[in-house]
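A.B. asks: give the three-dimensional model of this entry:
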Amino acid sequence: MASALVHVPATAKRGEIIQIKTLISHVMETGYRRTSLGAVMPRDILRLFVCTYNGEEVFRVEIHPAISANPFFSFTTVATESGTLAFTWTGDNGFSATESVAIGVE
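C.D. replies: Next up is the predicted model:
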């Protein structure tokens, strides 16, 4: 089971550039390793991370097997209006996790 941490300022001034930080705890198995009995461990990785701001996509990352477990992303966007930032991670085996954070813009 994965858990996500998201850091977004609670308020910002209109037009201000804000920094957003996200971290999700996920095992991330590449599918290249073998068990002690020689069986291939099935792949279980995150494949996509998307951030939307009031429904409009502002950041997207396609994730590949070389990324570490518990990926951390830091990026910026411009505070245009009060609303919601939604963060969605999707992966193998039907994995999906979503977090939402409200931001107030003055």
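A.B. asks: now do the strands in this structure.
C.D. replies: 3-7, 11-12, 17-25, 46-53, 56-62, 72-78, 83-91, 96-105 (DSSP state E).
A.B. asks: wait, which of the ones you listed is closest to Thr35?
C.D. replies: Across those, Thr35 has its closest neighbour in strand 83-91 (21.0 Å, Cβ to Cβ). For the C-beta atoms, the positions are set from N, CA and C on the backbone; glycine is no exception.
A.B. asks: which residues touch the closest one?
C.D. replies: Outside strand 83-91, the residues that touch it by Cβ atoms under 8 Å, 6 or more residues apart in numbering are 2, 4, 6, 8, 20, 22, 24, 26, 44-54, 58, 63, 95-103, 105.
A.B. asks: is it possible to mark the buried ones in the residues you listed?
C.D. replies: Among these, those scoring as buried are 6, 8, 20, 22, 24, 26, 45-46, 49-53, 58, 63, 97, 99, 101, 103, 105 (criterion: 16 or more other Cβ atoms under 10 Å).
A.B. asks: what comes up buried for stretch 74-86?
C.D. replies: Judged by neighbour count using 16+ other Cβ under 10 Å, the buried positions of stretch 74-86 are 77, 79, 83, 85-86.
A.B. asks: residues in contact with the helix or strand of the chain with the lowest mean pLDDT?
C.D. replies: Ranking every helix and strand in the chain by mean pLDDT, DSSP states H and E puts strand 3-7 at the bottom, with a mean of 93. Outside strand 3-7, the residues within contact range by Cβ under 8 Å, 6+ apart are 20-25, 85, 87, 89, 97, 99, 101.
A.B. asks: wait, which of those is closest to Gly38?
C.D. replies: Closest to Gly38, out of all of those and judged by Cβ to Cβ, is Ser25, at 28.8 Å.
A.B. asks: any stretches of the chain with poor pLDDT?
C.D. replies: Along the chain, segments meeting pLDDT under 70 span 1-2.
A.B. asks: report back the residue of it that's furthest from centre.
C.D. replies: Leu37 (34.0 Å; Cα atoms, centre = their mean).
A.B. asks: good, we can wrap up now.
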